[in-house]
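*Asks:* okay, here's the prediction I keep looking at, along with the sequence it came from:
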Amino acid sequence: MRSSRFYDPAAAEPFRVSRSKIDLFVQCPRCFYLDRRLGVSRPSMPAFTLNNAVDTLMKKEFDIHRAAGTKHPLMEHYGIDAIPLAHEKMDEWRDSLRRGVAYLDTDTNFLVTGGVDDIWQNPAGELIVVDYKATSSPNEVTLEGKWKEAYKRQMEVYQWLLRRNGFTVSPTGYFVYCNGRTDRKAFDAKLEFDVTVLPYTGDDGWVPGVLRAMKTCLDADDLPISNDECEHCAYRADAAKLEG
């Protein structure tokens with residue numbers, strides 16, 4: 001599928017790079033180059049509409065406490081001394097389609113963007129990045145596992161963006177994990193969740209170096225080497241052999 005806008009090395013205007021495209025580069029530089037330089041994206045995935053519904057309802061729930069300036073019961077339960085941040089740009093920062101939190105990186109001329117789920121604030125005035133996640137697992141929810149490294153990078157990019165916008169950001173963010181329960185006797189048109197808050201101490205020091213590597217990648221005229229573990233590249237290679 002051809003992308004609507006892709007990178008032109010000769011262009012002077014800033015090139016928008018979303019948080020998800022940064023992660024695409026980390027996953028596989030070749031897929032990233034095909035997507036952003038040549039305009040050929042990976043096949044799209046079905047929308048996670050149930051996850052989006054949970055995300056929307058969680059935001060509404062925390063917005064009640066945001067307006068009142070009070071702690072959410074989850075904060076009380078987990079001993080988190082913070083309240084949801086009340087800021088005039090919260091709606092803008094949440095909207096990844098509009099831009100979310102944005103910063104122009106002058107080293108690369110990339111307009112880096114990312115839409116946060118939520119931001120809390122502690123008594124010291126530090127902003128706390130919060131990300132909502134929904135799943136259904138019989139096991140205890142943790143942040144362990146190779147594929148969850150993308151979640152951690154996601155949070156670190158948000159922390160980096162807020163710091164570049166002049167805010168003091170706590171190194172510790174939180175994942176609010178909603179785990180759908182399957183141990184009920186019947187559905188009864190209702191899905192129940194256990195909600196767990198998992199702290200994560202991020203380190204955004206890798207972001208500037210990755211942005212520079214992305215710039216070098218896009219400026220080159222040759223396709224980069226693919227990640228050995230990239231299923232998309234493996235599929236294209238195998239299909240090309242059979243078709244040839």
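*Replies:* Yep, that arrived.
*Asks:* show me where this structure has strands.
*Replies:* In the chain, the segments counted as strands under DSSP state E are 15-18, 83-84, 101-105, 110-114, 118-121, 127-135, 172-180, 193-201.
*Asks:* now these in TSV, with mean neighbour count, mean pLDDT and distance to Arg94?
*Replies:* Every residue, glycine included, has its C-beta placed from N, CA and C. As requested, the strands of the chain are exported to TSV (neighbours: other CB atoms under 10 Å; pLDDT from 0 to 100; distance: least, CB to CB, whole Å):
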stretch	mean neighbour count	mean pLDDT	distance to Arg94
strand 15-18	20	96	14
strand 83-84	23	98	12
strand 101-105	18	98	9
strand 110-114	22	97	10
strand 118-121	23	98	8
strand 127-135	21	96	11
strand 172-180	21	96	14
strand 193-201	15	96	19
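*Asks:* out of those strands, the one nearest Leu242 is which?
*Replies:* Nearest to Leu242 among these is strand 15-18 (33.8 Å), distances taken as CB to CB.
*Asks:* packing partners for the closest one?
*Replies:* Under the contact criterion of 3 or more CB pairs under 8 Å, 6 or more residues apart in numbering; DSSP states H and E, strand 15-18 touches strand 110-114, helix 207-219.
*Asks:* if we can go back for a sec, tell me which of the strands of the chain lies nearest to Arg236.
*Replies:* Among these, strand 15-18 sits nearest to Arg236 (CB to CB), with 23.1 Å.
*Asks:* buried deepest among the helices and strands packed on strand 15-18, which one?
*Replies:* strand 110-114 (a mean of 22; mean count of other CB atoms under 10 Å).
*Asks:* returning to that earlier point: turn the helices and strands packed on strand 15-18 into a markdown table, columns for distance to Arg164.
*Replies:* What follows is those, written out as a markdown table (distance: least, CB to CB, whole Å):
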| stretch | distance to Arg164 |
| --- | --- |
| strand 110-114 | 8 |
| helix 207-219 | 9 |
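*Asks:* so which of those comes closest to Pro123?
*Replies:* Closest among the helices and strands packed on strand 15-18, using CB to CB: strand 110-114, at 26.0 Å.
*Asks:* can you give the distance of stretch 79-91 from its chain's centre?
*Replies:* 19 Å (CA atoms, centre = their mean, to the nearest Å).
*Asks:* picking up where we left off before, wait, which of the helices and strands packed on strand 15-18 is closest to Tyr7?
*Replies:* Nearest of those (CB to CB): helix 207-219, 4.6 Å.
*Asks:* so which elements touch that closest one?
*Replies:* strand 15-18, helix 19-27, helix 29-36, strand 110-114, helix 149-164.
*Asks:* not counting that helix itself, show me its contacts.
*Replies:* Residues from elsewhere that reach helix 207-219 (CB atoms under 8 Å, 6 or more residues apart in numbering): 7, 9, 15, 17, 22, 25-26, 29, 32-33, 36-37, 105, 107-110, 112, 156-157, 160, 224.
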